[in-house]
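Colleague: Attaching a predicted model along with its sequence, questions to come.
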Amino acid sequence: MMTTQAGRRALLIGGALASTTLSSPALRAQPARIVKIGVLSDMNGPYAANTGPGSVVGARLAAEDFMHSHPGLRVEVIQADFQNRPDLGLAIARDWLDRQGVDAILDVPVSSAALGMAGLVAEKDKVALFTGPASAALTGANCGPNHVHWTYDTWSLAAGTGRALVADGADTWFFITADYAFGHALEADTAGFVREAGGRVLGTARTPFPGTTDFSSFLVQAQASRAKVIGLANAGSDTVNCLKQAAEFGLARRGTRLAALLFQIADVHALGLPAAQGLTLTEAFYWDMNEATRAFSARYAPQMNGHKPGMIHAGGYSAVLHYLKARAALGDNPSGRAAIAWMKANGTEDPLFGQGTVRADGRKVHEMYLFRVKAPEESKGPWEYYATARTIPADQAFRPMAGAGCALVPA
């Protein structure tokens, strides 16, 4: 097997594009057996550490593993940075689908961009493998026959972290929310669990996204509400900055709890254990869970300057692997709808998530985990950060299909 790296070339719409071809030279005369996957992500912005280059590596590793057992299939993985701009993301995706022969789009870590992308792949009869966006609307009112939602969503995060904190007596909340579809959905889902448990939401501060780096005025508003919990309905470097500034204000010392509702291992690494210790968070994957996750991480880390994979990087591996199984089973150039239908009809299985299913609404279902961030003295070394507080069974980890508004689900 040989890996070749094509040079960067500029897109007319302004997105930077790089291409990696993973193939055997003997197969180059078989263009009908090419599968082309485009990783559309945040390569340099606030979500880059949790998605971005790591999502590309996850996709490439899946392609390598699949081609090893299916030498008649050639997989190409390309990438682009859409700078978290939905308009740019849609322009890049349209160019990929119309002119560059891309079959499936992976990642898309901005919910507003993903919601638009769902319509585009349906229009073009291609595939979207959404591993990065969080909005549960992708399997609700915005479900569709040409996309699946992998890894996590706002409902699963709220069900994990929100439920745990309310059960622990944190019954009054103030939200600091990224002002776009993802933040709104995460706030709404978490607030629903708070209210169902008898708690109250005392207020919300909406922060412009992208572009907010100083969260001090929003933290002051939250503190003035006297809420027991400040729920951070944001992600990536925005959450890290919120937590750093909250520490400067001494909010935790004054008894205010901070709920990082989407907080991943790269964020813990950026914040550092002294500041992150004791945080409760919900994830779908931890690199140190078992031999299989450690083996994957050992392949991944050398390509990412020693960093360990997070759940979205692992989700990219898992989603690409299942999609390639569909392509192999269906033969040359099936429609996007046919590939998604196969993915729903056949159970998932991979070394990172084990066995699972893709429901009729497009939701990939598996266990989720409630983790506690270790204190520095508990950690055995870099990236050894989590203690498992609870395993959330698959049938409890994601929103039930009934009543969610997906037209693909029988009434």
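Modeller: Sure, I can see it.
Colleague: Show the backbone phi and psi for G72.
Modeller: phi -80, psi 0 (degrees, to the nearest 10).
Colleague: ditto for L258
Modeller: phi -110, psi 130.
Colleague: for it, what are its contacts?
Modeller: Contacts for L258 (Cβ atoms under 8 Å, 6 or more residues apart in numbering) come out as 229-230, 232, 242-243, 246, 251-252, 279. To be clear about C-beta, it is placed using only N, CA and C from the backbone, and glycine gets the same treatment.
Colleague: quick one: which of those is nearest to A205?
Modeller: I230 (9.5 Å; Cβ to Cβ).
Colleague: Please name the bridge partners of the closest one.
Modeller: I230 has these beta-bridge partners by DSSP bridges: F174, L258.
Colleague: so it touches A259, yeah?
Modeller: Yes: at 6.9 Å, I230 counts as touching A259 under the criterion of Cβ atoms under 8 Å.
Colleague: if we can go back for a sec, neighbour count, pLDDT and secondary structure for the contacts of L258 - can I get that in TSV?
Modeller: Formatted as TSV, the contacts of L258 follow (neighbours: other Cβ atoms under 10 Å; pLDDT from 0 to 100; DSSP: H, G, I helix; E, B strand; the rest coil):
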residue	neighbour count	pLDDT	secondary structure
V229	26	93	strand
I230	26	93	strand
L232	29	94	strand
C242	23	93	helix
L243	24	92	helix
A246	22	91	helix
L251	18	87	coil
A252	15	81	coil
L279	20	89	coil
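Colleague: burial of D153, as a residue count?
Modeller: When neighbours are counted by other Cβ atoms under 10 Å, D153 registers 29.
Colleague: backbone phi and psi for it, please?
Modeller: Dihedral angles (degrees, to the nearest 10) for D153: phi -160, psi 180.
Colleague: Show the contacting residues for it.
Modeller: 134-136, 138-139, 363, 398-399.
Colleague: redo that, cut-off 7 Å
Modeller: 134-136, 398 (Cβ atoms under 7 Å, 6 or more residues apart in numbering).
Colleague: got a winner among the residues you listed for most neighbours?
Modeller: A134 (30 neighbours).
Colleague: Next up, the contacts around the residue sitting nearest the centre point of the chain.
Modeller: Centroid-nearest residue in the chain: G132, 2.9 Å away (criterion: Cα atoms, centre = their mean). G132 sits next to 41, 51, 55, 107-109, 312 when contact means Cβ under 7 Å, 6+ apart.
Colleague: ok, of these, which one's closest to R337?
Modeller: Using Cβ to Cβ, V108 comes nearest to R337 of the contacts of G132, at 19.1 Å.
Colleague: just the contacts of L258 now: which is nearest L97?
Modeller: When these are compared against L97 (criterion: Cβ to Cβ), the nearest one is L232, at 35.1 Å.
Colleague: who touches that closest one in this structure?
Modeller: L232 neighbours (Cβ under 7 Å, 6+ apart): 176, 239, 242, 258-261.
Colleague: how about a cut-off of 10 Å?
Modeller: L232 makes contacts with 175-178, 183, 186-187, 207, 215, 218, 222, 238-240, 242-243, 246, 258-263, as judged by Cβ atoms under 10 Å, 6 or more residues apart in numbering.
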